[in-house]
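Colleague: Sequence and predicted structure, then a few things I'm wondering about:
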Amino acid sequence: MLPEVLIFITHRVVLHSLILESGYTTFGRGAGNAICLDNPAVSRDHGAFHYRAGVLSVVDHHSTNGIFVNGMRTRRKVLYTGDYVLVGCYKVFIKHGSEQPRNAFAG
């Protein structure tokens with residue numbers, strides 16, 4: 001299953017629901033991004049989601065205000081279903097994220 005994200009702005013108003021394809025999906029204030037987040041707190045090239053081989057991650061592109069995953073500032077982080085990413089005033093909810101890591105000791 002491909003990853004899916006919901007992009008919210010204040011008070012749970014859903015702006016977008018997106019299914020992410022393999023590779024990079026850039027986001028930022030600049031018009032050239034796949035996901036355009038028009039707010040002064042968002043850098044022109046803020047970051048990207050990366051999906052490959054069942055793993056979804058978020059990468060900060062040296063943005064001014066950073067990226068927060070589940071409330072913690074991060075440069076790069078693997079994302080799982082239920083995680084949320086804060087970018088400026090936007091909250092990106094991970095509806096379908098990385099496949100859960102398999103327990104090597106499970107029978």
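Modeller: Structure received.
Colleague: for I7, helix, strand, or coil?
Modeller: With DSSP: H, G, I helix; E, B strand; the rest coil as the basis, I7 sits in strand.
Colleague: number of nearby residues for it?
Modeller: I7: 19 surrounding residues under other C-beta atoms under 10 Å. Yep, even glycine has a C-beta here, placed from its N, CA and C like the rest.
Colleague: I am assuming it contacts L20, so please confirm or correct that.
Modeller: No - assessed by C-beta atoms under 8 Å, I7 is found out of contact with L20, at 11.7 Å.
Colleague: quick one: average pLDDT of stretch 83-93?
Modeller: Taken as a whole, stretch 83-93 carries a mean pLDDT of 94.
Colleague: err, stretch 2-17, not the other one
Modeller: Stretch 2-17 comes out at a mean pLDDT of 82.
Colleague: Tell me where this protein has strands.
Modeller: Counting by DSSP state E, the chain has strands at residues 4-9, 13-19, 23-28, 35-36, 47-52, 55-60, 67-69, 72-74, 76-79, 84-87, 90-96.
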